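*Asks:* Below: sequence and its predicted model.
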Amino acid sequence: QKEVEQNSGPLSVPEGAIASLNCTYSDRGSQSFFWYRQYSGKSPELIMFIYSNGDKEDGRFTAQLNKASQYVSLLIRDSQPSDSATYLCAVPPQSGNNRLAFGKGNQVVVIP
Amino acid sequence: NAGVTQTPKFQVLKTGQSMTLQCAQDMNHNSMYWYRQDPGMGLRLIYYSASEGTTDKGEVPNGYNVSRLNKREFSLRLESAAPSQTSVYFCASSKNRDTIGPGELFFGEGSRLTVL
């Protein structure tokens, strides 16, 4: 099992709708979870991080963490064309606390 | 404040040639990383340096060497380039190691390498 998995294909959502992305991780001891956004041809940038079970909201973004089920989600409310990007889930494995393992990413396309 | 600077941004090599990718950060970060990104593969860690004077292998270290020259600089060397090393390479840095992980990674703009 890969350390971080994002299995969904490209996600197309109409402008104003909610985009929902999921990520599962293998190391039950992981304690922090990150979502990065990467525009085409650019470098990744951090948009959300979450440490505790439950929800964390930042503007139109909500991260949801369920440690018992080992998944973390990202919701984008009121999706805008500027949200069209690839979203990368990242988790530091407990055994290698000083590095991040990334999922393959989910491409989101917001249709005006 | 430049953040993380990588050079070169583009490079074309022939099989068997060598080259070094340079990376420097001006944020006084302890940890630095080299990732490669290929279509459909996400970001894969090549090597990382938790602090000045230390380096560790990541997920895909074969064919690469690294040097943590000082706190600011972390270079990646391809001794004998192969077509399989055609990729986009990202350098990143993060603040002090804490108890729950490396914290936020700051990325350079990337270096696009093609090996013919």
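*Replies:* Thanks, I have it. Residues are numbered from 1 along each chain as shown, chains lettered A, B, ... in the order given.

*Asks:* Could you tell me how many residues sit around residue B:75?
*Replies:* By other C-beta atoms under 10 Å in any protein chain shown, the residues close to residue B:75 number 17. (C-beta placed from N, C-alpha, C; glycine too.)

*Asks:* name the element it belongs to?
*Replies:* For residue B:75, the host element (DSSP states H and E) is strand B:74-78.

*Asks:* Mind listing what's buried along that strand?
*Replies:* By neighbour count on 16 or more other C-beta atoms under 10 Å in any protein chain shown, the buried set for strand B:74-78 is B:74-76, B:78.

*Asks:* Out of those, flag the one nearest to chain A.
*Replies:* Checking the buried residues of strand B:74-78 against chain A with C-beta to the nearest C-beta, the nearest one is residue B:74 at 13.5 Å.

*Asks:* Flag every residue of chain A that's near chain B.
*Replies:* Counting by C-beta under 8 Å from any C-beta of the partner chain, chain A comes close to chain B at A:6, A:30-32, A:34, A:36, A:42-46, A:49, A:51, A:88, A:90, A:92, A:97-105.

*Asks:* Out of those residues, which sit inside strands?
*Replies:* A:34, A:36, A:45-46, A:49, A:88, A:90, A:101-102 (DSSP state E).

*Asks:* And the furthest pair within those?
*Replies:* A:45 and A:101 (17.9 Å; C-beta to C-beta).

*Asks:* Who has more neighbours out of these two?
*Replies:* Using other C-beta under 10 Å, the more surrounded residue of residue A:45 and residue A:101 is residue A:101, with 23 against 15.

*Asks:* give the contact list for that one.
*Replies:* For residue A:101, the contacting residues are A:3-4, A:25, A:90-93, B:45, B:59, by C-beta atoms under 8 Å, 6 or more residues apart in numbering or on different chains.

*Asks:* Quick check: chain neighbours aside, which residue is closest to it?
*Replies:* Spatial nearest neighbour of residue A:101, chain neighbours left out: residue A:3 (4.0 Å); criterion: C-beta to C-beta, 6 or more residues apart in numbering or on different chains.

*Asks:* Check residue A:15 too.
*Replies:* Among residues not flanking residue A:15 along the chain, residue A:112 sits closest, at 5.1 Å (C-beta to C-beta, 6+ apart).

*Asks:* What of residue A:64?
*Replies:* The shortest distance from residue A:64 to any residue other than its chain neighbours is 4.3 Å, reached at residue A:73 (C-beta to C-beta, 6+ apart).

*Asks:* just the contacts of residue A:101: which has the poorest pLDDT?
*Replies:* Lowest-confidence member of the contacts of residue A:101: residue A:93, scoring 73 (pLDDT).
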